[in-house]
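Q: Sequence plus the predicted model coming up.
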Amino acid sequence: MMRAMYAAVSGLKNHQTLLDVTANNIANVNTVGYKGSRVSFADSLSQTVIGATAPGNGQAGRNAAQVGLGVQLASIDNLMGGGSLQSTGETTDLAIQGEGMFIVAKGTPPALPGAVEYTRAGDFTFNDEGYLTTQEGEYVMGREEAGAGAPNSYIQVPKGATDLAIGQDGSVSYVPEGGGARVTAGYVSIAKFANEAGLVRTSGSNWIESAASGKPQDGTPGNGWGLTISGTLEMSNVELATEFTNMISAQRGFEANSRVISTADEMLQNLVNLKR
């Protein structure tokens, strides 16, 4: 009976984790660039009551008899599939169609950027010095030339520039103050990973690399990397129907494990009452 109670306790704890993850997914259903999570359970340790035997001496042999000792959290997986694209009409709103993530960093231009992070949230803006930044104040990384190999740097559009445009190749161009030929300020950098699901979440829909994700492969849109779509945002990839189903499953699993504890308690009470 005590085994049953401890197994049920492990069920309560892990179904609470399932509900926590589901609640966070639902809370971020309208978060730009958010990637949902999924919980997986695994069988915990098992106690062998009777060992397995091989056939012999006229006997057919028998299988082992084991009693499970509960459930454990196997993984919380990052679901990196693309979210739906929403048209905004804002030139600095960018979505990536295909592989890749935007590279953002903190720093003080023109010094080299600090630690970089990665995001699919493309709701960018320009600060008062003309640098392309995130809404949280991080600088969006770019490079002076298209393609891989060039170092990442800041993207700056001078004051007074007009007719800003961002192409599918990540080029940020403008017409200088007073007119003239269109000038390219730089190309938005994007990175892709061998295992995107291995990235670690930070804050603001940002991610950092980990030992599981592998090293980033930097480049610019096109030629193996996704294309940038200006005036569009990638929304959360959370599916509410799936999350509501997971919420019901977590609730029922929690209730069932609670019932096991109640039943084991009643059996223990009956055992204690035998002495009366």
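A: Ah, there it is.
Q: Show the contacting residues for the nearest residue to residue 103 once chain neighbours are set aside.
A: The spatial neighbour of residue 103 that comes closest, neighbours along the chain excluded (Cβ to Cβ, 6 or more residues apart in numbering), is residue 141 at 4.0 Å. Quick note: C-beta positions are derived from backbone N, CA and C, even for glycine. Going by Cβ atoms under 8 Å, 6 or more residues apart in numbering, residue 141 touches 102, 103, 104, 105, 113, 116, 152, 153, 154, 155, 188, 189.
Q: Provide the secondary structure category for residue 141.
A: Applying DSSP: H, G, I helix; E, B strand; the rest coil to residue 141 yields a three-state assignment of strand.
Q: Which residue ranges of the stretch 1-150 of the chain form helices?
A: With DSSP state H, counting those that start in this stretch, the ranges of helices along the stretch 1-150 of the chain come out as 2-27.
Q: Quick check: the residue nearest to residue 116 when sequence neighbours are not counted vs residue 154, distance?
A: Closest residue to residue 116 apart from its sequence neighbours, by Cβ to Cβ, 6+ apart: residue 105 at 4.4 Å. Per Cβ to Cβ, to the nearest Å, residue 105 is found 9 Å from residue 154.
Q: out of the two, which sits in the more crowded spot?
A: residue 154 (23 against 17; other Cβ atoms under 10 Å).
Q: Bridged to that one, which residues?
A: residue 141 (DSSP bridges).
Q: Might one say that it is in contact with residue 139?
A: Yes. Here residue 154 reaches residue 139: they are 5.5 Å apart, a contact under Cβ atoms under 8 Å.
Q: Now list whatever residues contact both of the two.
A: Contacts common to residue 154 and residue 139, judged by Cβ under 8 Å, 6+ apart, are 107, 109, 113, 131, 132.
Q: Pull the contacting residues for the third one.
A: When contacts are counted by Cβ under 8 Å, 6+ apart, residue 113 touches 105, 106, 107, 139, 141, 152, 153, 154.
Q: The second one now?
A: Residues in contact with residue 109 (Cβ under 8 Å, 6+ apart) are 129, 131, 139, 154, 156.
Q: List buried residues within those residues.
A: Buried subset of these (neighbour count, 16 or more other Cβ atoms under 10 Å): 131, 139, 154, 156.
Q: I'd like these written out as a markdown table, with pLDDT and distance to residue 162 added.
A: Output for the buried ones among the contacts of residue 109, formatted as a markdown table (pLDDT from 0 to 100; distance: Cβ to Cβ, whole Å):
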| residue | pLDDT | distance to residue 162 |
| --- | --- | --- |
| 131 | 96 | 18 |
| 139 | 96 | 23 |
| 154 | 94 | 21 |
| 156 | 96 | 15 |
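Q: Which single one of those is nearest to residue 209?
A: residue 139 (18.1 Å; Cβ to Cβ).
Q: Do I have it right that the closest one meets residue 103?
A: No. The pair residue 139 and residue 103 fails to qualify as a contact (Cβ under 8 Å) at a distance of 9.5 Å.
Q: Next, the buried residues of stretch 112-129.
A: By 16+ other Cβ under 10 Å, the buried positions in stretch 112-129 come out as 113, 116, 117, 118, 119, 120, 121, 122, 123, 124, 126.
Q: now, among these, which is nearest to residue 27?
A: Ranked by distance to residue 27 (Cβ to Cβ), the buried residues of stretch 112-129 are led by residue 121 at 15.7 Å.
Q: hmm, back to that, same list (the shared contacts of residue 154 and residue 139) but as TSV, adding distance to residue 18.
A: As requested, the shared contacts of residue 154 and residue 139 are exported to TSV (distance: Cβ to Cβ, whole Å):
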residue	distance to residue 18
107	39
109	44
113	38
131	42
132	39
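Q: Break down the stretch 1-150 of the chain into its strands, ranges please.
A: Applying DSSP state E, counting those that start in this stretch to the stretch 1-150 of the chain gives strands spanning 37-43, 46-50, 65-68, 71-78, 85-87, 94-97, 101-105, 116-119, 125-126, 132-133, 139-143.
Q: quick one, which of those is nearest to residue 228?
A: Nearest of these (Cβ to Cβ): strand 94-97, 5.1 Å.
Q: contact partners of that closest one?
A: Contacts of strand 94-97 (Cβ under 8 Å, 6+ apart): 85, 102, 120, 122, 124, 166, 188, 190, 221, 226-230, 232-234.
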